[in-house]
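> I'll drop the sequence and a predicted model, then ask my questions.
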Amino acid sequence: MPASAGFKPVRRAAVIGSGIMGSGIAAHLANAGIEVLLLDVVPAALTAEEERKGLTLQHPAVRSRLASGAIAKMAKTEPAPLYDPAFAGRIRAGNLEDDLQLLGEADWIVEAVVERLDIKRNVLALAEAARKPGALVTTNTSGLSLASMCEGRSEQFKRHFAATHFFNPPRYMKLVEIVPAEGTDPAVVERLCGICEKQLGKGVVIAKDTPNFIANRIGTYGMADTLRQIERFGLSVEEADALTGPAMGRPKSATFRMLDLIGLDTLLHVLDNVRANVTDPDEKAMFARPAVLERLAADGRLGEKTGAGFYRKTKKPGGRSDIEALDWDTFEYRPRRTVSSPLIDAAKAAKGAGAKVRALLGADPASPQAAFAWETIKGTLLYSARQLGHIADSITDIDRAMKWGFGWELGPFELWDAIGLEQSVARMRQEGETIPEWVADFVAAGHRSFYRQEGGRRFYVHAGSYAEEAQKEDELPLAALKEAGRTVFTSGERA
Ligand code: NAD
């Protein structure tokens, strides 16, 4: 959906929940010049410092401590959530008991409290009671059902309600998934697109009200599947990371470093949410808890926040730190190894994500590394294709979600084109895979790629034929312009 012509910016907003995401969103709204009210719960106990100062639980500074503490922390957080520390002056702290009437001043209320349906429902009820007519209300849920969340709310409220799912950290991650609920007014969706794209500088995709929306649904499927394939092909932690990072056109954090960063408990939580909310038994099985994750989590090894996960950082005398990796046999840590193989070297040497992946897949399929690369990629391509129409209506939204939310250089459908649609579908068939019907029909109709460049414009497959991709204002379609022989910028004639 394009950023709308009738876009009306937000002047005042309120963010409920001042944790990691709430404070990050509040800071980014302040970056955009919006006046923000940041609310959180009233603390149940005094801190030692508050006691020393003789404060009581009734003192306003204590009652709004969570939000004011979150604002104070913004100046010390890395990477900086505020463009300029002075922008903290645009954020006012309050609490969910004394300051509810101030919600009535907000053009947009963002709910960013803990991921629990009961708590989110209560917060939305408070928002409904306080909001002014026409105010937008959105949730930052990672994937709870919007329909369940706004049960009991009025039709008027539902017309103005949707999800705006920011990624962490909100200032830096480009993606915002906008998810309309059943009763959301299309004009509200359009306005939210305009606000997120034009006021906040984000990249918007439209997702459907399905468990974990687009990026986390496909991303966590990919992670769970990757863990299964690593076990199947007997790869070490370092080997798997060497194959699933830049060698596949994905970030350096690859699989295990990324899991350590997001937290093993978070991944388990997301897997559980999808499993509990999908009906297909095969899909439930795909989102089963991988045994290694359960074992590490049971040990309290949740990743970076607990000091150990798949990697462990140990401080050496003199302040140097060493990184160790998990050994599958002992489940203990050993010095991290540098991985090299002809296959990985070939992928590293290739230019661009498409060429890298072709280098990985072009190797002898009997090699465990090449077989692993093919199986993980195949799984994600087929899963993404099966989800079209269910989690999103367009392949561009799926591709953009993975690029902007997970830092992939190519989305699944772009990657599929890069490895050759026709040949890869033939190989999948030979291996006994079921090809999603729309893909099979599309290939049978003689099409050879999901995207097509023509005269500086890009077209994508939509309902069996090609539709022109809407151009995002801040995106130059470089590949298409190059193909059309057009110059974007020149520093003058070469001597
Ligand atoms: P967090 O734990 O950092 O913050 C949760 C906030 O909820 C805290 O400020 C807490 O005081 C507040 N809270 C707790 N109980 C409450 C109650 N009963 N009523 C009102 N507020 C209450 O969590 P977070 O990571 O900021 O996540 C917030 C939301 O954003 C969740 O829905 C989460 O799924 C989603 N999300 C998180 C991330 C991420 O990477 N952390 C990314 C995208 C979306």
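Right, received. Where do you want to start? Bear in mind the structure is a predicted one, so any value in this text is a computation, not a measurement.
> going forward, measure contacts and count neighbours with C-alpha atoms only.
OK.
> Secondary structure element for the most centrally placed residue in the chain, which one?
Taking Cα atoms, centre = their mean, the centroid of the chain lies closest to G405, which sits 3.8 Å from it. G405 is part of helix 395-406 when elements are defined by DSSP states H and E.
> list the helices and strands that helix packs on?
When contacts are defined as 3 or more Cα pairs under 8 Å, 6 or more residues apart in numbering; DSSP states H and E, helix 395-406 packs onto strand 175-180, strand 203-206, helix 215-233, helix 412-419, strand 457-462.
> how does it look with 10 Å?
Helices and strands touching helix 395-406, by 3 or more Cα pairs under 10 Å, 6 or more residues apart in numbering; DSSP states H and E, are strand 175-180, strand 203-206, helix 215-233, helix 368-387, helix 412-419, strand 457-462.
> Enumerate the positions of it that are buried.
Neighbour counts over helix 395-406 (16 or more other Cα atoms under 10 Å) mark I395, T396, D397, I398, D399, R400, A401, M402, K403, W404, G405, F406 as buried.
> Save these as TSV, and put in pLDDT and distance to the ligand too.
Converted to TSV, the buried residues of helix 395-406 look like this (pLDDT from 0 to 100; distance: Cα to the nearest ligand atom, whole Å):
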residue	pLDDT	distance to the ligand
I395	97	22
T396	97	21
D397	97	18
I398	98	17
D399	98	18
R400	97	17
A401	98	13
M402	98	14
K403	98	16
W404	98	13
G405	97	10
F406	97	12
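> Please tell me how far D299 sits from the ligand.
21 Å (Cα to the nearest ligand atom, to the nearest Å).
> Next, count neighbours for that residue.
Residues lying near D299 (other Cα atoms under 10 Å) number 10.
> wait, what's in contact with it?
Going by Cα atoms under 10 Å, 6 or more residues apart in numbering, D299 touches L293, G309.
> Can you tell me which residues in the stretch 51-200 of the chain are near the ligand?
Listed as neighbours of the ligand in the stretch 51-200 of the chain under the rule Cα under 6 Å from any ligand atom: A112, V113, V114, E115, I119, N140, T141, S142, F166, F167, N168.
> Only whichever of the residues you listed are buried, select them in PyMOL.
Typed into PyMOL, the next command selects the buried ones out of these (criterion: 16+ other Cα under 10 Å):
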select buried, resi 112+113+114+140+141+142+166+167+168
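> So, low pLDDT: which residues of this protein?
For the chain, the stretches flagged by pLDDT under 70 are 1-6, 472-477, 479-481, 483, 492-495.
> quick one: the strands in it?
12-16, 35-40, 91-95, 108-111, 136-139, 161-166, 175-180, 203-206, 311-315, 321-326, 333-335, 451-454, 457-462, 465-468 (DSSP state E).
> from the chain's centre, how far out does the last one sit?
Centroid separation between strand 465-468 and its chain, computed with Cα atoms, centre = their mean, to the nearest Å, is 26 Å.
> Strand partners (parallel or antiparallel) of it?
Using DSSP bridges, the strands paired with strand 465-468 in its sheet are strand 457-462 (antiparallel).
> Stretch 126-146: end-to-end distance?
From its first residue to its last, stretch 126-146 covers 16 Å (Cα to Cα, to the nearest Å).
> in it, what counts as buried?
Applying a neighbour-count criterion of 16+ other Cα under 10 Å, the buried positions in stretch 126-146 are 126-128, 130-132, 135-146.
> Count the neighbours of whatever residue of the stretch 251-400 of the chain ends up closest to the ligand for me.
Nearest to the ligand in the stretch 251-400 of the chain, going by Cα to the nearest ligand atom, is I262, at a distance of 6.8 Å. I262: 16 surrounding residues under other Cα under 10 Å.
> Tell me who's in contact with it.
Contacts for I262 (Cα under 10 Å, 6+ apart) come out as N168, F256, L302, G303, E304, K305.
> Export those residues as TSV, with columns for distance to L66.
Formatted as TSV, the contacts of I262 follow (distance: Cα to Cα, whole Å):
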residue	distance to L66
N168	20
F256	32
L302	25
G303	26
E304	24
K305	21
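> Quick check on those: which are buried?
In terms of neighbour count (16+ other Cα under 10 Å), the buried residues within the contacts of I262 are N168, F256, L302, G303, E304.
> ok, which stretches of the stretch 251-400 of the chain are helices?
In the stretch 251-400 of the chain, the helices defined using DSSP state H, counting those that start in this stretch lie at 256-262, 264-277, 281-286, 291-298, 342-349, 353-362, 368-387, 395-406.
> Quickly compare those and say which is most buried.
Mean neighbours per residue, mean count of other Cα atoms under 10 Å, is largest over the helices of the stretch 251-400 of the chain for helix 395-406, with a mean of 23.
> Leaving out sequence neighbours, find the closest residue to the residue nearest to the centre of the chain.
Leaving aside its sequence neighbours, G405 sits nearest to L175 (Cα to Cα, 6 or more residues apart in numbering; 5.2 Å).
> That neighbour contacts A207, correct?
No - L175 sits out of contact with A207 when judged by Cα atoms under 10 Å, with a separation of 11.7 Å.
> any residues in contact with both of those two?
Here L175 and A207 have T164, H165, A215, A401 as joint contacts, going by Cα under 10 Å, 6+ apart.
> picking that back up, tilt between the helix holding G405 and strand 161-166?
Angle between the axes of helix 395-406 and strand 161-166 is 50 degrees (criterion: axes from the mean of the first three to the mean of the last three Cα atoms, to 10 degrees).
> Output helix 395-406 in PDB with nothing but the alpha carbons.
Written as PDB, here are the backbone C-alpha positions of helix 395-406 (Å, rounded to 0.1, in the frame of the first residue of the first chain):
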ATOM      1  CA  ILE A 395       5.500 -11.600  -2.400                       C
ATOM      2  CA  THR A 396       7.000  -8.000  -2.100                       C
ATOM      3  CA  ASP A 397       5.700  -7.700   1.400                       C
ATOM      4  CA  ILE A 398       7.300 -11.000   2.300                       C
ATOM      5  CA  ASP A 399      10.600 -10.200   0.600                       C
ATOM      6  CA  ARG A 400      10.700  -6.700   2.200                       C
ATOM      7  CA  ALA A 401       9.800  -8.000   5.600                       C
ATOM      8  CA  MET A 402      12.800 -10.400   5.600                       C
ATOM      9  CA  LYS A 403      15.200  -7.800   4.200                       C
ATOM     10  CA  TRP A 404      14.100  -5.000   6.500                       C
ATOM     11  CA  GLY A 405      13.400  -7.100   9.600                       C
ATOM     12  CA  PHE A 406      16.100  -9.800   9.400                       C
END
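> Relative to the whole chain's centre, how far out is that helix?
Centroid displacement of helix 395-406 relative to its chain, using Cα atoms, centre = their mean, is 9 Å.
> ok, now stretch 183-199?
Computed by Cα atoms, centre = their mean, the chain-centroid distance of stretch 183-199 equals 19 Å.
> With stretch 369-386 instead?
Stretch 369-386 sits 20 Å away from the centroid of its parent chain (Cα atoms, centre = their mean).
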